[in-house]
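*Asks:* heads up, no residue letters with this:
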């Protein structure tokens, strides 16, 4: 009998031990009166460090500025989406959180009543209402705004190494024709370097089909929904990329090349060009120097197609802040976002630099030096905010000094960002309303992957353009594509 | 082990030995080359890993990458990981061994039903969301316990244990029962000593699974102070998703250093566990 | 079960009393199963709802199942899963056993242990890392494998983007990462084969093969069957590996059930549907596992499950 009691007790003890560990996490006293805001963002923000103490510095700053109690959830970037999805589905929605791929995510979340209409809050805030209305334009739903962006829309251009251009006599303007591009880039072929390559290619394919006036996916054309993939324009675009592939301009291994690999190849002059965000211009300047192959980059904003069309890859609103529809403190939640997005101290700390004396110190030349603690927790500061945030920053009058490359590069980057605005292609990413056609909402991800698969086959030449299109047409029929379009057009 | 009893070597045996050695050498080569690549990459300087070329001959040697990883953020998470692995493995063995033993007893009432019910849980899964809700309603969210308790049993390991124990000759247990021992005593005095090798293997499995646990940590823990090593390492390892605005950029050498450091602690215990793989011979000893 | 027939209620009560220690020992484990396995399994009911897909949850009966059974994409994913699973069972399942047996034949214990240790290491590489290792090794321009092919006068092959080679690459990388881990169990169970049986077999004139067939394999047959069953139980769930290794060029042959669910269930927030697909997969696995168990129990003293 004794042994039974002993065994029972010990098993109870072990479970008890587990639950007592659980209880330990919850004992904190709550301060009444102050709103409590659960804030979720990935760990490439929030001071850009994984060190909990350093993250706490940011929390303190926001709390001081807003008077709210901040409970941050900062999972690694790679798992951020999974975490948010679980939180939302289980009902533990954070009051304030960042979402990526906003163009598709926001309409979905609105249809599911997961996020709050912010139109009124934005109008009531002097800071937020001063933002350029065009920032919200692409993503208005029934005239309402459900998000707050935190940087200017991102655009991609082709980056070419100027040194290699000179070496091989490649001559291209900032907006050459598709024909010129194919002809000039050919000069790199056979030189033992990668002439051009684009990773994640279906996303970047937009850059090329813009030149033909095509759009990959269902979108609204002249007030009617059509499938952009099954158009003569798209066939032309595919044939063009296919010809780039066949002539060796587009590297054979584009299918498995990662973004990072491609960038490194370009930095080290193993590749002549890459496609990337204009806001990464200074990174190229800096990293080509690190790789001991310093050069300036030439940017091609758009390729002009045969019909005179073209446009830079326009990602419109990619990431944005939203507020949970279940939050108890909507005003405080919007105030927190406003502070993070507009406050001249918080924004740099949150997205770019961290906190002085915690994340970094300034040396005698007033240059930024990461503290040991920060450097050893994944921290690497970025100065992107100087060119893509909404805060007006005087580059001549910064609280710290810039490296020589930055000093030269940043104004150029700013100029490139301004220049590409005039070349932006369209973005129909949020054209299709969510909740109108249940069938479309369900198969949309598969339509995209099929598009990707067939476009790849066409480009690498395992099927002809026509065969590929036929295959797609069959797929389209199998999912009832035409009736989906009818549902949308009703 | 068997060949120690062999005295004469026939030509066929010799041919087999030669084939065996060549084959295993090839196998080893297939394993060594990529592992070697990981190692030398982790010791290389930034400039030598840029461009992602396949490196087999080291171009440079530096400890900078390891130095970067081995610091503050690392140590806190390292402590959490050690705690989870040690406490978790103990808890797991504590509930797995008795259950495995009970299920290995052929006369256990309802054994078949228990077994089938348990196996079904291995085959059906309703996904993370209901699991999350259960863990939450037990009040475990954001506690270290949430990464131990909900995963403290593996049906896979349970079946291995149960099966091994059911191969222990019943006569051994019967005689102990006649001597008046109850099942608890039999488990600790007879069955466990006879199952050292399989217990060693399962301990290793549990330990490794706790060590490598990642998904549950992300799901159940909100406070970054309670993150385990795998989470911190993964943040260092994966470069920024484009769509979330870029940010810190990490070269391959640092990634590999992160990986080597992440697996080193559990890799070190392997030889100690391996040592026990021979003690199972006791079964033969007793029976003979 | 049979014993119950022997007596009435009194017998049953006596049995239960005799086995009180056994029940006590099961208690913590069973409580755990109820809490962390059976409670979450109530979530299976989501399969009959549109949870997550609409703002209000509604019961939709078998609609999710109708949808999956009529979807071409689902059936393509199903076909791929079955092909990859069969290849997995045929090529991966025996690999750890063969390695364990061959290593066991080596004379030097130190070499034995070093090899076991070496092949165990890749288990700690995440699939992302394994993926990038294979992309590098198999690159048509700079990969080691294609250098070797070129050495023998062959043409470089773009393995990762070739529909004929992608599945073999999946299986090979799976074996590479998992074989050391799988062989641990065999190594542990090989130590339990009694040496005197080998002596007896040698005296009876058995050669290497004879010993293998009549002593080693029978000695570990329950382990082999266990491993087969455990492999079968998760073979249809292949996911992370495919997700990090596949690309647009091989979607046709590489889209498996779990990647399909990830796309149409998880990414689009349609939880009910992903649970339905999961249930479908589970039912097939149940049939697979239990029929294998039934067949195998003929060769064993005690069924595995």
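*Replies:* Sure thing, it's come through. In this text, all values refer to a predicted model and were calculated from it rather than measured experimentally. Numbering: from 1, shown residues only, chains lettered A, B, ... in the order given.

*Asks:* near chain B, which residues of the stretch 201-350 of chain A show up?
*Replies:* Within the stretch 201-350 of chain A, the positions near chain B by Cβ under 8 Å from any Cβ of the partner chain are A:259-261, A:264-265, A:267-268, A:270, A:277, A:279-280, A:283, A:290-292, A:318-319. Just so you know, the C-beta spots here come from the backbone N, C-alpha and C atoms, and that holds for glycine as well.

*Asks:* what sits closest to the closest residue to chain B within chain C if chain neighbours are left out?
*Replies:* Relative to chain B, the nearest point of chain C is residue C:43 (2.7 Å; Cβ to the nearest Cβ). Distances taken as Cβ to Cβ, 6 or more residues apart in numbering or on different chains put residue B:130 closest to residue C:43, at 2.7 Å, once the chain neighbours are dropped.

*Asks:* ok so, going back, for the residue of chain C closest to chain B, give me its contacts.
*Replies:* By Cβ atoms under 8 Å, 6 or more residues apart in numbering or on different chains, the contact set of residue C:43 is B:126, B:127, B:129, B:130, B:131, B:133, C:275.

*Asks:* if I look at it, how far off is chain A?
*Replies:* Distance of residue C:43 to chain A, given as Cβ to the nearest Cβ, to the nearest Å: 11 Å.

*Asks:* tell me the confidence at that residue?
*Replies:* Looking at residue C:43, its pLDDT stands at 91.

*Asks:* thought the residue nearest to residue C:43 was touching residue C:40?
*Replies:* Yes. Here residue B:130 reaches residue C:40: they are 4.2 Å apart, a contact under Cβ atoms under 8 Å.

*Asks:* any idea how many residues pack against residue A:418?
*Replies:* By the criterion of other Cβ atoms under 10 Å in any protein chain shown, residue A:418 has 11 neighbours.

*Asks:* my error: substitute residue C:113 in the last question.
*Replies:* Count around residue C:113 with other Cβ under 10 Å applied: 18.

*Asks:* show me the strands in the stretch 351-490 of chain A, by range?
*Replies:* Using DSSP state E, counting those that start in this stretch, the strands found in the stretch 351-490 of chain A span residues A:360-362, A:368-370.

*Asks:* whoops, the stretch 51-200 of chain C was the one
*Replies:* Under DSSP E, counting those that start in this stretch, the stretch 51-200 of chain C gives no strands.

*Asks:* tell me which residue of it lies closest to chain A.
*Replies:* Closest point on the stretch 51-200 of chain C to chain A, by Cβ to the nearest Cβ, is residue C:55, at 4.0 Å.

*Asks:* ok, residue C:57 - contacts?
*Replies:* Residue C:57 neighbours (Cβ under 8 Å, 6+ apart): C:49, C:50, C:51.

*Asks:* oops, could you answer that again for residue C:282 instead?
*Replies:* Taking Cβ under 8 Å, 6+ apart, one finds B:123, B:124, B:125 in contact with residue C:282.

*Asks:* how about the residues of the stretch 351-490 of chain A by chain C?
*Replies:* A:435, A:441-446, A:449-450, A:452-453, A:455-457, A:460, A:475, A:478-479.

*Asks:* need the nearest residue in space to whichever residue of the stretch 1-150 of chain A sits closest to chain C, chain neighbours excluded.
*Replies:* Taking Cβ to the nearest Cβ, chain C has its nearest neighbour within the stretch 1-150 of chain A at residue A:113, 4.0 Å off. Of all residues beyond its chain neighbours, the one nearest residue A:113 is residue C:55 (4.0 Å), with distances taken as Cβ to Cβ, 6+ apart.

*Asks:* may I have the phi/psi pair for the one you found?
*Replies:* phi -70, psi -30 (degrees, to the nearest 10).

*Asks:* you'd agree it is up against residue A:109?
*Replies:* No. With contact defined as Cβ under 8 Å, residue C:55 does not reach residue A:109; the gap is 9.8 Å.

*Asks:* neighbours around the residue of the stretch 101-250 of chain A found nearest chain B, how many?
*Replies:* Nearest residue of the stretch 101-250 of chain A to chain B: residue A:101, at 5.6 Å (Cβ to the nearest Cβ). By other Cβ under 10 Å, the residues close to residue A:101 number 18.

*Asks:* that one contacts residue A:318, doesn't it?
*Replies:* Yes. With contacts counted by Cβ under 8 Å, residue A:101 reaches residue A:318, the gap being 6.8 Å.

*Asks:* which residues of the stretch 201-305 of chain C lie near chain A?
*Replies:* C:247-249, C:251-252, C:255, C:263-264, C:266-271, C:273.

*Asks:* most neighbours, which of the residues you listed?
*Replies:* Counting by other Cβ under 10 Å, top hit in those: residue C:273 with 28 neighbours.

*Asks:* wait, that residue touches residue C:65, no?
*Replies:* No. The criterion here is Cβ under 8 Å, and residue C:273 misses it with residue C:65 at 9.5 Å.

*Asks:* tell me the SS of the residue nearest to the spatial centre of chain B?
*Replies:* Relative to the mean C-alpha position of chain B, the nearest C-alpha, by Cα atoms, centre = their mean, is the one of residue B:208, at 2.5 Å. What DSSP: H, G, I helix; E, B strand; the rest coil gives for residue B:208 is helix.

*Asks:* neighbours around the nearest residue to it once chain neighbours are set aside, how many?
*Replies:* Using Cβ to Cβ, 6+ apart and skipping the chain neighbours, the partner closest in space to residue B:208 is residue B:266 (5.5 Å). Neighbours of residue B:266 under the rule other Cβ under 10 Å: 18.

*Asks:* give me the element residue B:266 is part of.
*Replies:* helix B:252-274 (DSSP states H and E).
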